[in-house]
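Asker: Here's a sequence, model it:
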Amino acid sequence: MAQLELILIFVLQFEGISGRDFFLYKRPGQEAVLSCTTESSSPPTCSMVDWLYNRNHETLAEVRNGNVGQISARAARLSVNTDCSLVINNITAEDAGQYTCRQGRDTSTYLSVLTISPSPPDADPKRDGNVTLQCSLFICDPPWLENSIRWVDETGAELLGEGDGYRVLQQTDCVSFLTVKRQSGHNRKYTCQLVDEQKNVKIEADYPPDFNGVSPLSYVMWTVRVVGLILMVVITVLVIRNKWNTKPLENDNNVNDGADVQYENVEARPAAARPQ
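Answerer: Numbering: from 1, shown residues only. So this is what the prediction gives:
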């Protein structure tokens, strides 16, 4: 009985120290906000908050007493909000791992990053031929994620086994491969999805990112640049034409100041006779 009480006390103490765990899923280039929640009703004191990063059994202190460590290779992409949450900008696969907010009670967030890439990496999606797509999840936690990657086409239909123009290879851990036949001129898109046990999509990534290889934002920016260039040309032509039409005549000093000038016709007269 005494041993049971000791075990119960140990478990309660461990729960009080460990706090809560969160799971976050992102794609490269996105922004992640890692919460540092506490059950205390008082506002957080960020000057006493540390953020620890753990991956591959190595722990690094990214934030000390609310300040981002400048020796960190990611210092330019890290910041701390007023609620002590950690913000990571322009996420990469190397950012995946466990982040722990230490503020009395530890709060851990497991950040997983989903990537999709062709093999070879420089494969042109607009050319004919076969290409193998690799979908990877960094990090693979919790354990149910091990077989949670699925592929769908542009219609949303799940790709299983082998079919018309594709073949799904066996999934290992949190990496899945899909071999597809590229056909130029066809708007084919393949999506890698991370789903939970209820088949709810947690995050997904597309290949290619856009059918035409140009994102909607890039297209809009390109259109704005073209319109701006046309307007500049039109304005320049109008300004030059206006200056030309209002240009003063040259040699103004030789022009009469407005006085009327009268002209008289002069005829030749016969010479007068000399007196004898």
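
Asker: wait, is Ala76 part of a strand?
Answerer: No - going by DSSP: H, G, I helix; E, B strand; the rest coil, the assignment for Ala76 is helix, not a strand.

Asker: wait, what's in contact with it?
Answerer: Neighbour list for Ala76: empty [criterion: C-beta atoms under 8 Å, 6 or more residues apart in numbering]. Glycine gets a C-beta too; all of them are placed from N, C-alpha and C.

Asker: how does it look with 10 Å?
Answerer: Ala76 makes contact with Val68, Gln70, Asn89, Asn90, according to C-beta atoms under 10 Å, 6 or more residues apart in numbering.

Asker: Pull the number of nearby residues for the third one.
Answerer: It refers to Asn89. Number of residues near Asn89 (other C-beta atoms under 10 Å) recorded here: 14.

Asker: Now do the same contact list for it.
Answerer: Residues in contact with Asn89, defined by C-beta under 10 Å, 6+ apart, are Gly29, Gln30, Glu31, Ala32, Arg74, Ala76, Arg77, Leu78, Ser79, Asp95.

Asker: show me the contacts for Asp95.
Answerer: Asp95 sits in contact with 26, 28, 32, 53, 55, 74, 77-78, 88-89, 111, 113, 138, where contact means C-beta under 10 Å, 6+ apart.

Asker: repeat for Leu60
Answerer: When contacts are counted by C-beta under 10 Å, 6+ apart, Leu60 touches Trp51, Leu52, Tyr53, Asn54, Gly69, Ile71, Ser72, Ala73, Arg74, Gly97.

Asker: hey, what's it bridged with?
Answerer: On DSSP bridges, the residues paired with Leu60 through beta bridges are Tyr53.

Asker: Arg105 too?
Answerer: Gln103.

Asker: if I look at it, how far off is Ser136?
Answerer: Applying C-beta to C-beta, to the nearest Å, the value for Arg105 to Ser136 is 33 Å.

Asker: And for Asp50?
Answerer: As judged by C-beta to C-beta, Asp50 and Ser136 stand 30 Å apart.

Asker: Specify which residue of the two has the higher count of neighbours.
Answerer: Ser136 (20 against 17).

Asker: For the closest residue to Phe22 other than its chain neighbours, which residues are in contact?
Answerer: What sits nearest to Phe22 in space, not counting adjacent residues and going by C-beta to C-beta, 6 or more residues apart in numbering, is Thr109, at 4.5 Å. Counting by C-beta under 10 Å, 6+ apart, Thr109 makes contact with 20-24, 32-36, 51, 85-86, 97-101.
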